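[1] Need a 3D model of the following:
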Amino acid sequence: MRFASSAALAVLLAGCSAVPAPEILPVEIPERLRSCEAEPTVPAGGVTHRQLLADYWLPVRSAGRDCRATLDEFIRALEAE
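    The predicted model follows:
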């Protein structure tokens, strides 16, 4: 009887052994994601100032600012790890 209860206890305790910690793999950011494309050149001639401002310049500046801010935050977060 004592042997049976000792064997059962050994089986139960074996199930409580330490679980190894998960392996954390480093994340590598491709170089192409560490920078933004350069702003495109301004179209030459045939465009009014208002068209240039509304349809080209403001969207390009906004997209560039957003891209740089996103990439800066992404890189800062990964380098903090």
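
[2] which parts of the host helix or strand of residue 66 are buried?
    Element membership for residue 66, per DSSP states H and E: helix 58-80. Using 16 or more other CB atoms under 10 Å as the test for burial, helix 58-80 gives no buried residues. All C-beta spots, glycine's among them, are computed from the backbone N, C-alpha and C.

[3] centre of the chain versus that helix, how much separation?
    Computed by CA atoms, centre = their mean, to the nearest Å, the chain-centroid distance of helix 58-80 equals 12 Å.

[4] what mean pLDDT would you report for that helix?
    Mean pLDDT, computed over helix 58-80, is 85.

[5] With just CA atoms, put it into CSV.
    Taking Å, rounded to 0.1, in the frame of the first residue of the first chain, the C-alpha atoms of helix 58-80 are listed here in CSV:
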residue,chain,number,x,y,z
LEU,A,58,0.9,69.1,-48.9
PRO,A,59,0.3,65.4,-49.4
VAL,A,60,3.9,64.7,-50.0
ARG,A,61,5.0,66.6,-46.9
SER,A,62,2.3,64.9,-44.8
ALA,A,63,3.2,61.4,-46.0
GLY,A,64,6.9,62.0,-45.5
ARG,A,65,6.4,63.3,-41.9
ASP,A,66,4.2,60.4,-41.1
CYS,A,67,6.7,57.9,-42.5
ARG,A,68,9.6,59.3,-40.6
ALA,A,69,7.7,59.5,-37.3
THR,A,70,6.5,55.9,-37.7
LEU,A,71,10.0,54.6,-38.5
ASP,A,72,11.6,56.6,-35.7
GLU,A,73,9.2,55.1,-33.2
PHE,A,74,9.5,51.6,-34.6
ILE,A,75,13.3,51.7,-34.4
ARG,A,76,13.3,53.3,-30.9
ALA,A,77,11.0,50.5,-29.6
LEU,A,78,13.1,47.7,-31.1
GLU,A,79,16.5,49.2,-29.9
ALA,A,80,15.1,49.5,-26.4
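
[6] Residues contacting it, please?
    Under the contact criterion CB atoms under 8 Å, 6 or more residues apart in numbering, helix 58-80 has outside partners 27, 29, 33, 34, 35, 36, 37, 39, 40.

[7] export those to JSON lines and tack on pLDDT?
    As requested, the contacts of helix 58-80 are exported to JSON lines (pLDDT from 0 to 100):
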{"residue": "27", "pLDDT": "75"}
{"residue": "29", "pLDDT": "73"}
{"residue": "33", "pLDDT": "71"}
{"residue": "34", "pLDDT": "76"}
{"residue": "35", "pLDDT": "76"}
{"residue": "36", "pLDDT": "78"}
{"residue": "37", "pLDDT": "73"}
{"residue": "39", "pLDDT": "74"}
{"residue": "40", "pLDDT": "72"}
